[in-house]
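S.K.: Below: sequence and its predicted model.
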Amino acid sequence: MKEISPEKANKALHDQAEKVTDKDLEKVLAKEQKIEDKFRNNDSISGYLDRAKSMFGLIRDYWSGNYRQVPWKTIAAVAGALLYVLMPLDLIPDFIPVAGFLDDAGVIAACLKLVSDDLVTYEKWKVQQDHGITEKDKERLS
């Protein structure tokens, strides 16, 4: 079975992220369900579904202007990784049983390693937003 090395996954992620534009953010959000279905239906990447949902949330909140405390390179890497999963003909074409999604898993893992701190910061912010915690509340709690 053909596997993807971490170096190839990083290169694929970098190449994809380099090309990301605002239009690609729209595309990622428009194809969210299709991309999530690929995560759900493939054992190689299904374990990343919760992280993918956070990645979509980050892009959605960035796109809407609700969350801008993140560098563009993080947004580009996340969008690039999600777009990579969407591509059927990538380093290992998706039609190859089992192996076809190993490269997707490698690219997602490389992305998560790269953006981990920014994604955790976003997730904390999101919890605060969902629970209505204000800056004043945070000061009082610390």
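M.R.: Thanks, I have it. Here the structure is a predicted model, which means the values were calculated and not measured.

S.K.: Can you give me the buried ones in the helix or strand where Phe56 lies?
M.R.: Assessed by DSSP states H and E, Phe56 sits inside helix 49-64. Within helix 49-64, the residues scored as buried using 16 or more other C-beta atoms under 10 Å are Arg51, Ala52, Ser54, Met55, Phe56, Leu58, Ile59, Asp61, Tyr62, Trp63. Where you see a C-beta, it was placed from the backbone N, CA and C, and this is true even at glycine.

S.K.: Name the nearest of the residues you listed relative to Glu18.
M.R.: Ile59 (17.0 Å; C-beta to C-beta).

S.K.: Verify the stated contact: that closest one with Val78.
M.R.: Yes. Ile59 is in contact with Val78 according to C-beta atoms under 8 Å; the separation is 6.1 Å.

S.K.: so where's the longest helix in this structure?
M.R.: Longest helix in the chain, counting residues (DSSP state H): helix 102-130.

S.K.: what angle separates that helix from helix 49-64?
M.R.: 60 degrees (axes from the mean of the first three to the mean of the last three C-alpha atoms, to 10 degrees).
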